[in-house]
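*Asks:* Task: produce atomic coordinates for the following.
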Amino acid sequence: MFRSCFLRCLKDSHDPIKLLHDVEITIGRSKVTRITDQACSRAQLSLKADCENCIVHVKQLGVNASGLDGCALAKEVAYKVEHGVKSSSKVAGFDMDGTLITTKSGRVFPVDINDWKIAFPTVEKKLKELLESGYKLVILSNQAPIGNGRVKIDDFKLKVEAIVKKLDVPIQVYLATCKGFYRKPLTGMWKVLTEQKNDGIRNIDKAESFYCGDAAGRPAKWAPGKKKDHSMVDKMLAENLSLQFYTPEQFFLGHSIANVPIAKPEFNPKELSSGDFNHNLISTAKEVLVLVGYPGSGKSFLAKQIEQKSQYAYCTVCRDTLGSWQNCASDAKKFLQQGKSVIVDSTNPDRESRARWVSLAKQMDVECRCIVMTASMAHAKHNNKFRELVKTNHLTVTDVVYHTYKNKFTEPSTNEGFKEVIKAHFNPCFEDEETEKLYKMHLLEK
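*Replies:* The predicted structure follows:
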């Protein structure tokens, strides 16, 4: 037998310890390992090397937990350590479903954990070529069924292990099981990969690395018999990470996508330009200022700006906090009687919802103007997603709410009794560079 097995300290604090074939040894706190921490037992771990199959059997003996591949070991439970993923500055990232595998049944969603097959005949060959070229292979996959309980995590682990065994290459697998920063197109899984799971290699070669996935925003019949892509999260993830993007057909089959129509997101945060505050939004006369716009279009942010820049000559009434327009009207009257102007922070999509404020302004003998937020539905959804990510306990706004607003909306005009109707763009301000960087990523899946 020509193989040898050594236990090497990552900090190089002691010489490598040779593990003889099929001989069990114990290690822990000792002069050999130079471990002095009393929390580590003198007999902390049992190790036995299988040099023929390149496997080390590991068992925790000590009272306090040891870790293996980022997970705590259970005492007296046997584990197997095999040659696995090697860290690298070159990362080849792949989606899983529809990219590396597809269903054997032909259905969109697998019927069980065994309903899969390799998606393209060249997958195994291409992955081995990448490995030989020094790439680290990773899978980044959204798997909501695990988070909502439709699929058991232990069952899915078996599926992943079977896939990796079939591919016969070491792959690091990341699964986003819930909504939030880890779910594509957000970059949480990549952040964990580069900051915690790449042996300290954080400087990824973006010119050589890439991401490949089937969610590219292609329409139905982009090729004969092909269905519409379910989203464009894979393409947008690559854009968020500044990586080269490939479709599976492009990478594994060498197909060109030059003539394949690929949709663009309705709102691109990188294209949002900031502008100066419009001081015409502030009036020297006492007034009722009615805001109109989608949830998340920037109404509350604009209201705060107007309050601050007017030296608090304006006060805001918001239905989200006061509960009803009647409560808002009651507070508005009080503010007007105190000599303040009033900002109405509600969606106010139709003439009926705005008429009550025009009527109140007439009743209180003050002017009434209207500000219409220009943010589109997609832009407003992006803003709301951003708020969900950076604020705790922020309620999700459903698609029903957006479409209800859209269906009710009528363009405000001076015919309703407004002295003036002004359009206002959303101009975000950020607390720091990280917050701005997050906002300018693609946050939505379509």
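*Asks:* Now do the nearest residue to Lys197 once chain neighbours are set aside against Asp199, distance only.
*Replies:* Nearest non-adjacent residue to Lys197, counting by C-beta to C-beta, 6 or more residues apart in numbering: Gln172, 6.5 Å away. Placement of C-beta: from N, CA and C, glycine included. Distance, Gln172 to Asp199, by C-beta to C-beta, to the nearest Å: 11 Å.
*Asks:* more neighbours, those two?
*Replies:* Neighbour totals were compared for Gln172 and Asp199, and Gln172 leads with 20 against 12 (other C-beta atoms under 10 Å).
*Asks:* residues contacting the residue nearest to Lys197?
*Replies:* Gln172 sits next to 85, 136-139, 193, 197 when contact means C-beta atoms under 8 Å, 6 or more residues apart in numbering.
*Asks:* What residue spans form the domains of the protein?
*Replies:* 5-82, 91-253, 279-439 (automatic domain parsing).
*Asks:* Can you give me the end-to-end span of the longest one?
*Replies:* Using C-alpha to C-alpha, to the nearest Å, the span of domain 91-253 from its first residue to its last is 20 Å.
*Asks:* How about the shortest one?
*Replies:* This stretch, domain 5-82, spans 11 Å end to end (C-alpha to C-alpha).
*Asks:* Please apply the same query to stretch 241-255.
*Replies:* End-to-end for stretch 241-255, by C-alpha to C-alpha: 24 Å.
*Asks:* Give me the buried positions along that stretch.
*Replies:* 241, 243, 245-249, 251-252 (16 or more other C-beta atoms under 10 Å).
*Asks:* Need the domains of the chain in JSON lines (columns: mean pLDDT and distance to Glu445).
*Replies:* Output for the domains of the chain, formatted as JSON lines (pLDDT from 0 to 100; distance: least, C-beta to C-beta, whole Å):
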{"stretch": "domain 5-82", "mean pLDDT": "90", "distance to Glu445": "28"}
{"stretch": "domain 91-253", "mean pLDDT": "96", "distance to Glu445": "4"}
{"stretch": "domain 279-439", "mean pLDDT": "95", "distance to Glu445": "10"}
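*Asks:* Can you lay out those domains as a markdown table showing distance to Ser273?
*Replies:* Below are these laid out as a markdown table (distance: least, C-beta to C-beta, whole Å):
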| stretch | distance to Ser273 |
| --- | --- |
| domain 5-82 | 42 |
| domain 91-253 | 19 |
| domain 279-439 | 9 |
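*Asks:* List the backbone torsions phi and psi for Ile139.
*Replies:* phi -110, psi 130 (degrees, to the nearest 10).
*Asks:* Name the nearest residue to it, ignoring sequence neighbours.
*Replies:* Using C-beta to C-beta, 6+ apart and skipping the chain neighbours, the partner closest in space to Ile139 is Val173 (4.5 Å).
*Asks:* Only alpha carbons, please: show the helix or strand encompassing Asp155 as PDB.
*Replies:* For Asp155, the element it lies in under DSSP states H and E is helix 153-167. Coordinates of each C-alpha in helix 153-167 appear next as PDB, following Å, rounded to 0.1, in the frame of the first residue of the first chain:
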ATOM      1  CA  ILE A 153     -34.400  18.100   5.500                       C
ATOM      2  CA  ASP A 154     -33.000  14.600   6.300                       C
ATOM      3  CA  ASP A 155     -34.700  13.200   3.100                       C
ATOM      4  CA  PHE A 156     -33.300  16.000   1.100                       C
ATOM      5  CA  LYS A 157     -29.800  15.400   2.400                       C
ATOM      6  CA  LEU A 158     -30.100  11.800   1.100                       C
ATOM      7  CA  LYS A 159     -31.100  13.200  -2.300                       C
ATOM      8  CA  VAL A 160     -28.100  15.600  -2.300                       C
ATOM      9  CA  GLU A 161     -25.700  12.800  -1.300                       C
ATOM     10  CA  ALA A 162     -27.000  10.600  -4.100                       C
ATOM     11  CA  ILE A 163     -26.600  13.400  -6.600                       C
ATOM     12  CA  VAL A 164     -23.000  14.100  -5.500                       C
ATOM     13  CA  LYS A 165     -22.200  10.400  -5.600                       C
ATOM     14  CA  LYS A 166     -23.500  10.100  -9.100                       C
ATOM     15  CA  LEU A 167     -21.600  13.200 -10.300                       C
END
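*Asks:* Could you confirm Leu237 falls within a helix?
*Replies:* Yes - counting by DSSP: H, G, I helix; E, B strand; the rest coil, Leu237 is part of a helix.
*Asks:* thought it was touching Tyr211?
*Replies:* Yes - between Leu237 and Tyr211 there is a contact under C-beta atoms under 8 Å: 6.1 Å.
*Asks:* Quickly list what's touching both of these two.
*Replies:* Joint contacts of Leu237 and Tyr211 (C-beta under 8 Å, 6+ apart) are Leu140.
*Asks:* Wait, a strand at Ala220?
*Replies:* No - under the criterion used here (three-state DSSP), Ala220 is coil, not part of a strand.
*Asks:* so it touches Lys227, yeah?
*Replies:* Yes - counting by C-beta under 8 Å, Ala220 does reach Lys227; the two are 5.9 Å apart.
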